[in-house]
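Enquirer: got a predicted model here, sequence first, then my questions.
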Number of protein chains: 2
Amino acid sequence: MLNFEFYNPTRIVFGENTIQRLADLVPAQARVLVVYGGNSAKAFGTIDQVIQALGSREVVEFGGVEANPEYTTLLKAVDLIKAKNLDYILAVGGGSVIDGVKFIAAANKFAEEDKWKILEGTPLTQALPFGVVLTIPATGSEMNAGAVISYRDRGLKRSFHSPLVFPQFSIMDPQKTLTLPERQTMNGVVDSFVHIVEQYVTKDTGASVSDEFAEGLLRVLLKVGPKLKADPQCLPARSDLMWAATNALNGLIRLGQVTDWSVHAIGHQLTALYGIDHARTLAIVLPGVWEYKLEAKQAKLAQMGRKVFALESNDERELALATIVKTEEFFHSLGVATRLRDYNLGENAIPEIVANLEKIGATNLGEDKDIDYVASSKILTSRL
Amino acid sequence: MLNFEFYNPTRIVFGENTIQRLADLVPAQARVLVVYGGNSAKAFGTIDQVIQALGSREVVEFGGVEANPEYTTLLKAVDLIKAKNLDYILAVGGGSVIDGVKFIAAANKFAEEDKWKILEGTPLTQALPFGVVLTIPATGSEMNAGAVISYRDRGLKRSFHSPLVFPQFSIMDPQKTLTLPERQTMNGVVDSFVHIVEQYVTKDTGASVSDEFAEGLLRVLLKVGPKLKADPQCLPARSDLMWAATNALNGLIRLGQVTDWSVHAIGHQLTALYGIDHARTLAIVLPGVWEYKLEAKQAKLAQMGRKVFALESNDERELALATIVKTEEFFHSLGVATRLRDYNLGENAIPEIVANLEKIGATNLGEDKDIDYVASSKILTSRL
């Protein structure tokens, strides 16, 4: 097991009817910007509940944060906080809203004029405090200190990380996820699945606890994905998915492990260029990365085959290959297509995607840092 | 899954040669009381390493904290902090030292003269900050906010909990555990095992993630226990045990679950009265509680049999009973005896133990709160 450090101070308040806890979780004197996405948070009454729970606190609303939150939109929220002299943010939504709020919180206290520098690695020294009401299980953003922000004019999608952007708390009421469209639910299953395997299907470092936790979370996803496809109103499955998705990316399962993240790096370009749902880009790229890195990943893929898919064989390579097939079948069973052609992209898209990787210097990807632009191109070609 | 709240701000620094990190983890101006137990921390050079890492900071040493830390000993440390005007504590040791430091940290800021009231439930409003260098994996105290303190003159052993006594950080270097005597290593395996099952072998609430995490940790212990009995110098197994023991009691696996803790409540009296090692008291009591509550626990015991011991049967009761047998066999394989007679205790001890439970009002134990004094007596009788 590799040496590691773990620190995660986010308070989780999980369960039915927990939104009212905002009354004691948000500072009594806070002047709050409530940030949300599309119309569903309004339509399903969540925003009303939130505002009621905030009681007599000063509240300003900021809706319209897009899926893959857009830099230029978020800057408007930064201006609004300044104009209204607010001092606390509440994110009500899924990963896009939470990531957006992390950026708003950071940008509000960022000394330089060009806030995009936060995405280019300038370290933060301060951020506004904020809390979360989670309505979409998928990204784990509710319990981590990272965010991914898009800049559509420049075709960019980049991430930043800082311990200053851990949410102070996240309220997770699985009832709030009962109204999610099937597409978003299944995206959440796939997104969580890929978060887990990017921290698990790498080299074997002998990190038994992290391996067991990763395998356990994958088995939970294999169980709840089909259950929710058949019965979206199944609250126990909604609860399991919600808590599994958080643990998939709260830092716990990476401890002592080597991580990969090449699937995310390549996938982000598919969203930036063509607007494909984040989870679906991962489902496209993952099998390609696994096949390309078959030799290096064979031991962990075989272990995953045995422990997650209950496959049996004495041939490690056969197990590894079967695990790739089983994973792709799992995505298909959720209605998630895994080929570029399924999203109307052909061979001519590949140079464009690779050019985008070049633009942000995303060479040397993966646990061995050996996925360069040529390798990314090969991986994408295998996914036509 | 039940509603839950989770908050754990302790920073974990895990791995080889991490003690030097004290230099940046302890505040630069801190005036530090370094607290340890017996002579091993001195003899094996850990205290020297710690003091070197603390550099020019003011350091006062306080050794001699006993296994099952003693109230009257700890009060001397409280006085020493006052006399020397110290403002930070560093625990170097295992659960007893850490628990002791939690009490010292709390007592230092406790307004009332009678510090035992902390153990009787008077809530804390402040505590001194402290960090940990862990040398014995077992209790999980390095990443939780609870402590168990003994008062030998009164034959008492009680616990307290407060978010104010989370360690600020815990340094966990598995190399520091290579010199542990076999007895302490095996106690650590058993202690962690019982921590897990007291949060898992209860009612089935459908908390899939917590179930998977608990089962995974139990499988890790089943693997590393025999490995370390055969080869105490196996560093990978030392690492796995150390991290598994932390996760067994850092609050993670109880989330959404019903917990039991009757085994601990009864076991504590065996330590308080007869000085039996904490872990060994748990190994004595656990099978008795499981047999007494067989009907209520049958589903989870059977699940544990299938998923942890890989037992197969269509008969749930048979699986549950086999799980109890397998668990006791596991303890025996580690050299841990599981009967009162193995510790020279006979029938006449039972009224004495039960009288102690009565003294602290430990009736209504277990997940159904139905283990009263009569039930405790029956459970103990079954363990003669």
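Expert: That came through fine. Computed from a predicted model, the values in this text were never measured in an experiment. Numbering: from 1, shown residues only, chains lettered A, B, ... in the order given.

Enquirer: who does the strand or helix carrying A:Val285 touch, helix- and strand-wise?
Expert: A:Val285 is part of helix A:278-292 when elements are defined by DSSP states H and E. Where contact means 3 or more Cβ pairs under 8 Å, 6 or more residues apart in numbering or on different chains; DSSP states H and E, helix A:278-292 is packed against helix A:182-197, helix A:262-274, helix A:316-333, helix A:373-381. The way it works is simple: take the backbone N, C-alpha and C, and place the C-beta from them, glycine included.

Enquirer: which stretch among those comes nearest chain B?
Expert: helix A:182-197 (11.2 Å; Cβ to the nearest Cβ).

Enquirer: which residues sit against that closest one?
Expert: A:94-95, A:136-140, A:177, A:180, A:214, A:217-218, A:221, A:224-225, A:228-229, A:232, A:241, A:244-245, A:248-249, A:253, A:263-264, A:277-280, A:282-283, A:286, A:304, A:327, A:330-331, A:334-336 (Cβ atoms under 8 Å, 6 or more residues apart in numbering or on different chains).

Enquirer: between the helix holding A:Val285 and helix A:262-274, what angle do the directions make?
Expert: Interaxial angle, helix A:278-292 versus helix A:262-274 (axes from the mean of the first three to the mean of the last three Cα atoms, to 10 degrees): 130 degrees.

Enquirer: now do helix A:278-292, average pLDDT.
Expert: What helix A:278-292 shows for mean pLDDT is 98.

Enquirer: now the angle between helix A:182-197 and that helix, please.
Expert: 40 degrees.

Enquirer: can you tell me how far the most centrally placed residue in chain A is from chain B?
Expert: Nearest residue to the geometric centre of chain A (Cα atoms, centre = their mean): A:Thr139, 2.6 Å. A:Thr139 sits 17 Å away from chain B, going by Cβ to the nearest Cβ, to the nearest Å.

Enquirer: still on that earlier bit, mind giving me the PyMOL select for the contacts of helix A:182-197, buried ones only?
Expert: Remark: buried members of these, expressed as a PyMOL selection using 16 or more other Cβ atoms under 10 Å in any protein chain shown:
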select buried, chain A and resi 94+95+136+137+138+139+140+177+180+214+217+218+221+224+225+228+229+232+241+244+245+248+249+253+263+264+277+278+279+280+282+283+286+304+327+330+331+334+336
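
Enquirer: what's the neighbour count on A:Tyr200?
Expert: For A:Tyr200, the neighbour count with other Cβ atoms under 10 Å in any protein chain shown is 26.

Enquirer: quick one: the helices in the stretch 1-150 of chain A?
Expert: A:22-25, A:40-43, A:46-53, A:71-84, A:95-108 (DSSP state H, counting those that start in this stretch).

Enquirer: buried deepest among these, which one?
Expert: helix A:95-108 (a mean of 28; mean count of other Cβ atoms under 10 Å in any protein chain shown).

Enquirer: helices or strands up against it?
Expert: strand A:31-36, helix A:71-84, strand A:88-93, strand A:130-134, strand A:146-151, strand A:156-161.

Enquirer: that one vs strand A:156-161, what angle?
Expert: Using the same axes, to 10 degrees, helix A:95-108 lies at 70 degrees relative to strand A:156-161.

Enquirer: could I have helix A:95-108 exported to PDB, CA atoms only?
Expert: Provided in PDB are the C-alpha atoms of helix A:95-108 (Å, rounded to 0.1, in the frame of the first residue of the first chain):
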ATOM      1  CA  GLY A  95     -22.500  17.900  -9.400                       C
ATOM      2  CA  SER A  96     -22.700  20.700 -11.900                       C
ATOM      3  CA  VAL A  97     -24.300  23.100  -9.400                       C
ATOM      4  CA  ILE A  98     -21.900  22.100  -6.600                       C
ATOM      5  CA  ASP A  99     -18.900  22.400  -8.900                       C
ATOM      6  CA  GLY A 100     -20.200  25.800 -10.000                       C
ATOM      7  CA  VAL A 101     -20.600  26.900  -6.400                       C
ATOM      8  CA  LYS A 102     -17.100  25.800  -5.600                       C
ATOM      9  CA  PHE A 103     -15.800  28.000  -8.400                       C
ATOM     10  CA  ILE A 104     -18.000  30.900  -7.200                       C
ATOM     11  CA  ALA A 105     -16.800  30.500  -3.600                       C
ATOM     12  CA  ALA A 106     -13.200  30.500  -4.800                       C
ATOM     13  CA  ALA A 107     -13.500  33.300  -7.400                       C
ATOM     14  CA  ASN A 108     -15.200  35.600  -4.800                       C
END
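
Enquirer: for the closest residue to the residue nearest to the centre of chain A other than its chain neighbours, give its distance to chain B.
Expert: Leaving aside its sequence neighbours, A:Thr139 sits nearest to A:Gly95 (Cβ to Cβ, 6 or more residues apart in numbering or on different chains; 2.8 Å). For A:Gly95, the distance to chain B equals 19 Å [Cβ to the nearest Cβ].

Enquirer: does the residue of chain A most remote from its centre sit in a helix, a strand or a coil?
Expert: Centroid-distance maximum for chain A: A:Asn314 at 35.1 Å, with Cα atoms, centre = their mean. The three-state assignment at A:Asn314 reads coil, by DSSP: H, G, I helix; E, B strand; the rest coil.

Enquirer: thinking again about what came up before, out of the helices of the stretch 1-150 of chain A, flag the one nearest B:Leu90.
Expert: helix A:22-25 (32.2 Å; Cβ to Cβ).

Enquirer: report whether the closest one contacts chain B.
Expert: No: using Cβ under 8 Å from any Cβ of the partner chain, helix A:22-25 stays clear of chain B, coming no nearer than 10.3 Å.

Enquirer: got the residues of chain A near chain B?
Expert: A:1-16, A:18, A:206-209, A:212-213, A:215-217, A:219-220, A:223-224, A:236, A:239-240, A:243-244, A:247, A:252, A:255-256.

Enquirer: filter these to the buried ones?
Expert: Using 16+ other Cβ under 10 Å, the buried members of those are A:1-4, A:6, A:8-15, A:18, A:206-209, A:212-213, A:215-217, A:219-220, A:223-224, A:239-240, A:243-244, A:247, A:252, A:255-256.

Enquirer: now the residue nearest to A:Ile51 when sequence neighbours are not counted: how far from chain B?
Expert: Distances taken as Cβ to Cβ, 6+ apart place A:Val59 nearest to A:Ile51, at 5.7 Å, with adjacent residues excluded. Distance of A:Val59 to chain B, given as Cβ to the nearest Cβ: 24 Å.

Enquirer: residues contacting A:Val59?
Expert: A:Val59 neighbours (Cβ under 8 Å, 6+ apart): A:32, A:34, A:51.

Enquirer: wait, the second one touches A:Gln52, no?
Expert: No: checked against Cβ atoms under 8 Å, the pair A:Val34 and A:Gln52 is beyond contact range at 11.7 Å.

Enquirer: ok, A:Val26 - contacts?
Expert: Contacts of A:Val26 (Cβ under 8 Å, 6+ apart): A:32, A:54, A:57, A:88, A:90, A:131.

Enquirer: I'd like these as JSON lines, with pLDDT appended.
Expert: Output for the contacts of A:Val26, formatted as JSON lines (pLDDT from 0 to 100):
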{"residue": "A:Val32", "pLDDT": "98"}
{"residue": "A:Leu54", "pLDDT": "98"}
{"residue": "A:Arg57", "pLDDT": "98"}
{"residue": "A:Tyr88", "pLDDT": "98"}
{"residue": "A:Leu90", "pLDDT": "98"}
{"residue": "A:Gly131", "pLDDT": "98"}
